[in-house]
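In: Predicted coordinates and the sequence they were generated for:
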Amino acid sequence: MTHLSFDDRVALVTGAGSGIGRAMAVAFAGAGARVVVCDIDAESAGRTAAGIGDAAVAVTADVSDEASVTALVETAIGAYGRLDVLCNNAGVLDSMALPADIPVAMWERVLRVNLTGTFLVTHAVLPHMLSRGRGAIVNTASEAGVRGGAAGAAYTASKHGVVGLTRSVAWAYAREGIRCNAILPGPTMTGIATNATFDPAGIARLGPVLALGERMAEPERMADAALFLASDAASFVNGAIVPVDGGWSAA
């Protein structure tokens, strides 16, 4: 039986200062990996890395900015010499606004972080994985990546894009030993909505659908799925879009 061991491997986790990202960073370190803890908030990244200890380094980066991403990956390679696993987890919510009501600036910001950010980090990491002939990428999509009524227009579009990018990368590089999969978290106890302001019309329309997923998961359940998908136990799993939602998507 193949075990979920990441001894002698290096994992980069974005959005690792809190919530699902922090749980992923802790899980990979617990399985033996050295972890690059990335977050736009330096203090949060530092807390996660300090909690892990010597097996982690904290890096502050904005995944929506190409220069910041380039510096992130250079720092990771400088610290550990390689990257075996990438978890594209950084993301932001929208206001749950419906298509006619979402401000263009919000649309552009959400797409820039959630979709372009996932692309930029993947784009920067791929050459290092390709040079070694192996690598595992796990993207955090969402139930909103496969359905139209689980979030606002911008978030929904961005996560649909993450699903498409996941499949594209999986197909493009399977022969080069690169795997790319995505998880679709259902309602999870994270801080992503703490400072959000929601559109009343959007919430009124989406509320009945959102209520189907009212059972909340601990962030560690998302980390468990990511750990499996990045491991050798999932060596023949590529391009999979995996719901981690307690059955919400089965409704």
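Out: Structure's in. What do you need?
In: Neighbours of the residue lying closest to G239 once chain neighbours are set aside, how many?
Out: Counting by C-beta to C-beta, 6 or more residues apart in numbering, G239 lies nearest to A170, which is 3.4 Å off, once chain neighbours are set aside. C-beta: built from backbone N, CA, C; applies to glycine. Using other C-beta atoms under 10 Å, A170 has 20 neighbouring residues.
In: same deal with L86?
Out: The tally of other residues near L86 (other C-beta under 10 Å) stands at 30.
In: Tell me what it is bridged to.
Out: L12, I137 (DSSP bridges).
In: for V244, same thing?
Out: V244 has these beta-bridge partners by DSSP bridges: P185.
In: For it, report the pLDDT, please.
Out: V244 is assigned a pLDDT of 95 by the prediction.
In: Next, the contact list for the residue nearest to G239, please.
Out: Residues near A170 by C-beta atoms under 8 Å, 6 or more residues apart in numbering: I178, R179, C180, N181, N238, G239.
In: I'd like the distance between it and N181.
Out: 7 Å (C-beta to C-beta, to the nearest Å).
In: Name the residues contacting each of those two.
Out: N238, G239.
In: Can you turn the buried part of the contacts of A170 into a PyMOL selection?
Out: Buried residues among the contacts of A170 (16 or more other C-beta atoms under 10 Å), as a PyMOL selection:
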select buried, resi 178+179+180+181+238
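In: Now, the contacts of A170 that are in strands?
Out: The strands, defined by DSSP state E, take in I178, R179, C180, N181 from these.
In: could these be laid out in a markdown table, adding distance to A233 and pLDDT?
Out: Below are the ones in strands among the contacts of A170 laid out as a markdown table (distance: C-beta to C-beta, whole Å; pLDDT from 0 to 100):
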| residue | distance to A233 | pLDDT |
| --- | --- | --- |
| I178 | 17 | 98 |
| R179 | 12 | 98 |
| C180 | 16 | 99 |
| N181 | 12 | 98 |
